[in-house]
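A.B. asks: Next comes the sequence, and after it the predicted model I'd like to discuss.
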Amino acid sequence: MSDTDRPSLIRRTPWPESASRPVGTPLQPSVVYASRNPDALDAQYEGRTEGFAYSREGHPNAQILATKIDGMEGAVGGIVTSSGMAAVTAAVLGLLNAGDHIIAGDQLYGRSLRLMQEDLPRLGIGATLADPTDIEAFRKALHPETRAILVEVVSNPTLRVADMEGLAQLAREYDLLLMVDNTFTTPRAYRPFDHGADVVIHSVTKLLAGHSDAMLGYVVAKNPALQEQITTTVITWGMVGSPFDCWLAERGLYSFDLRFDRASQNAAELADHLGGLPGVRRVLYPLRADHPDHNRAAHLLGGQGGNMVSFEVEGGRAAANALTEAAANIAFAPTLGDIGTTLSHAASSSHRGLDAAAREAIGISEGFFRVSVGVEDIALLKREFAEAVAAAVKPRGV
Ligand SMILES: *Cc1c(COP(=O)(O)O)cnc(C)c1O
């Protein structure tokens, strides 16, 4: 039997006709899109018709996800990237030129700090780090070439709250682009565009997607011309997110509001619980009265303290080891924003590059933990943390 006697297995089969439509979002992994003829392709590239051509330039699952996050941020035209770092990189490379200077928060996400300190200078872009809770420090870091500010609203892992009003005012005064990495706060607690920001960045990997199974970022500029520069950078440098990850993240967003509110409420309760446990030296949560930026947090975050809590136990590294081992059901993992509670230890992960003295200077000891609180039953979380802390601080090795 010859191959011509049956339909070719290589020819694609058209999608079955259906009078009904799928309720779930379809997943479209196609890299390329076929057009009717060159005129049709012209029409598409010239914006007279809508359509996809090659998935690095955009695909349906990325577009659906980006439009949803646009809606959350009160933005239009944002783009999904392959990771949060791709989003930070696309914003900086898309908007700054050699010879420009940027002032960045001094406690940014570790890789963002590295981008500022190692990569930008290599490309001829100057960067100075400053404390975003101290507007005078930012003022002192200004250069004639300064074009942009990059900050996170709530810092990792000490949960300091940036002076967003002061920074927005400084950006206006000196005509700087205010770029805000809104990963920790999410648009549920803070919408940067409502407060003078020019660019909003997310690691979608974290709270937005919410299940630690998709790696993506998102970036949007308020000004469409600047957005065009960022979008072009994403396409040229190849930073597009994969359809499957976009599909997972969009699915994660259905429950985002519920997850964030519950996790935030759990975090506030867990913070107070931890504060009452013997052996806990201090607890950091932005809405607690003993937090150094409590007033600013109450003012900026609309009553949502977020899902991150940090605390310090007595007993150094030995206690830290005992605590993570005793908290066997809580993933000890360097991430955040998962639907379940996770625990991270700055001295051995995000801040391992600093020596002990430099860590102590920003309040990170061997007993310092950051908790990304999930949506579990709060009674369960309280019990697990009470047991873990008790195991950490009980006398050892006598
Ligand atoms: C995780 C994170 C990033 C980087 O995101 P990835 O998706 O891991 O690349 C950037 N900023 C903040 C605040 C983060 O927590």
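C.D. replies: That came through fine.
A.B. asks: which helix of this structure spans the most residues?
C.D. replies: Criterion DSSP state H: the longest helix present in the chain is helix 256-275.
A.B. asks: For that helix, which residues meet the burial criterion?
C.D. replies: 256, 259-260, 262-271, 273-275 (16 or more other C-beta atoms under 10 Å). In this view, the C-beta of every residue, glycine as well, is placed from N, C-alpha and C.
A.B. asks: what is the closest residue to the ligand within the stretch 151-300 of the chain paired to in the beta sheet?
C.D. replies: Nearest residue of the stretch 151-300 of the chain to the ligand, counting by C-beta to the nearest ligand atom: Ser203, 3.1 Å away. Bridge pairing for Ser203 (DSSP bridges) gives the partners Gly217.
A.B. asks: Quick one: neighbours of it, just the number.
C.D. replies: By other C-beta atoms under 10 Å, 29 other residues sit near Ser203.
A.B. asks: Over to Asp175?
C.D. replies: For Asp175, the count of nearby residues is 8 (other C-beta under 10 Å).
A.B. asks: Equivalent analysis for the one 3 residues further on, please.
C.D. replies: For Leu178, the tally of surrounding residues (other C-beta under 10 Å) stands at 23.
A.B. asks: Now it. Nearest residue, chain neighbours left out?
C.D. replies: Ala171 (4.0 Å; C-beta to C-beta, 6 or more residues apart in numbering).
A.B. asks: so that neighbour touches His195, yeah?
C.D. replies: No: using C-beta atoms under 8 Å, Ala171 is not in contact with His195, being 10.7 Å away.
A.B. asks: which of these two has more neighbours?
C.D. replies: A count of neighbours by other C-beta under 10 Å puts Ala171 above the other of Ala171 and His195, at 20 against 15.
A.B. asks: what helix or strand does the more buried one sit in?
C.D. replies: Element membership for Ala171 (DSSP states H and E) is helix 164-174.
A.B. asks: so who does Tyr109 touch?
C.D. replies: Taking C-beta atoms under 8 Å, 6 or more residues apart in numbering as the criterion, Tyr109 is in contact with Gly84, Val88, Glu152, Asn156, Asp181, Thr183, Ser203.
A.B. asks: Could you find which two of the residues you listed are furthest from each other?
C.D. replies: By the measure C-beta to C-beta, Val88 and Asn156 form the most distant pair in those, at 13.8 Å.
A.B. asks: can you tell me the distance between the two ends of stretch 172-189?
C.D. replies: Stretch 172-189 stretches 23 Å from its first residue to its last (C-alpha to C-alpha, to the nearest Å).
A.B. asks: All good on my end, thank you.
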